[in-house]
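**Student:** coordinates only, no sequence provided:
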């Protein structure tokens, strides 16, 4: 069973999906344009409707238009399962596995929520 279900939009690096799949194969993650995902070029409002229907959260690097479209989507009475915007300077090295089995958790970076 999948832990979470995500779609990565075309404003984000496609290799993010490959890195997540390699790190945690139980996470169901698709990149836009892959089989089972909407085609590249899908408009944000249509993408949000698809995400709601598929019960998927969005991972995006679109800080310009996606926040407004997500707000409009919710204002219209619709639902999202999450819209995650990648922070500026995001690197796939940020996905390195961490072990919390020792009871120690990595310290958050400045500005991150622990």
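**Tutor:** Happy to help now that I have it. Since the structure is predicted, the reported quantities are computational estimates derived from the model, not experimental observations. Numbers count the residues shown, from 1 in each chain.

**Student:** I'd like to know which elements the worst-scoring helix or strand of the chain on mean pLDDT is packed against.
**Tutor:** When each helix and strand of the chain is scored by mean pLDDT, DSSP states H and E, helix 15-23 comes last, with a mean of 89. Other helices and strands packing on helix 15-23, by 3 or more C-beta pairs under 8 Å, 6 or more residues apart in numbering; DSSP states H and E, are strand 5-8, strand 28-31. (C-beta placed from N, C-alpha, C; glycine too.)

**Student:** residue boundaries of the strands in this structure?
**Tutor:** 5-8, 28-31, 57-60, 83-85 (DSSP state E).

**Student:** what about the closest residue to residue 69 other than its chain neighbours, how many residues nearby?
**Tutor:** Leaving aside its chain neighbours, residue 69 sits nearest to residue 44 (4.0 Å; criterion: C-beta to C-beta, 6 or more residues apart in numbering). Counted with other C-beta atoms under 10 Å, residues neighbouring residue 44 total 19.

**Student:** in contact with residue 44, which residues?
**Tutor:** By C-beta atoms under 8 Å, 6 or more residues apart in numbering, the residues touching residue 44 are 62, 65, 66, 69.

**Student:** which members of those residues are the farthest-apart pair?
**Tutor:** Across those, the longest distance by C-beta to C-beta is 8.8 Å; it joins 62 and 69.

**Student:** got the contact list for residue 47?
**Tutor:** Residue 47 makes contacts with 7, 9, 32, 38, 58, as judged by C-beta under 8 Å, 6+ apart.

**Student:** so the first one makes contact with residue 51?
**Tutor:** Yes - counting by C-beta atoms under 8 Å, residue 7 does reach residue 51; the two are 6.0 Å apart.
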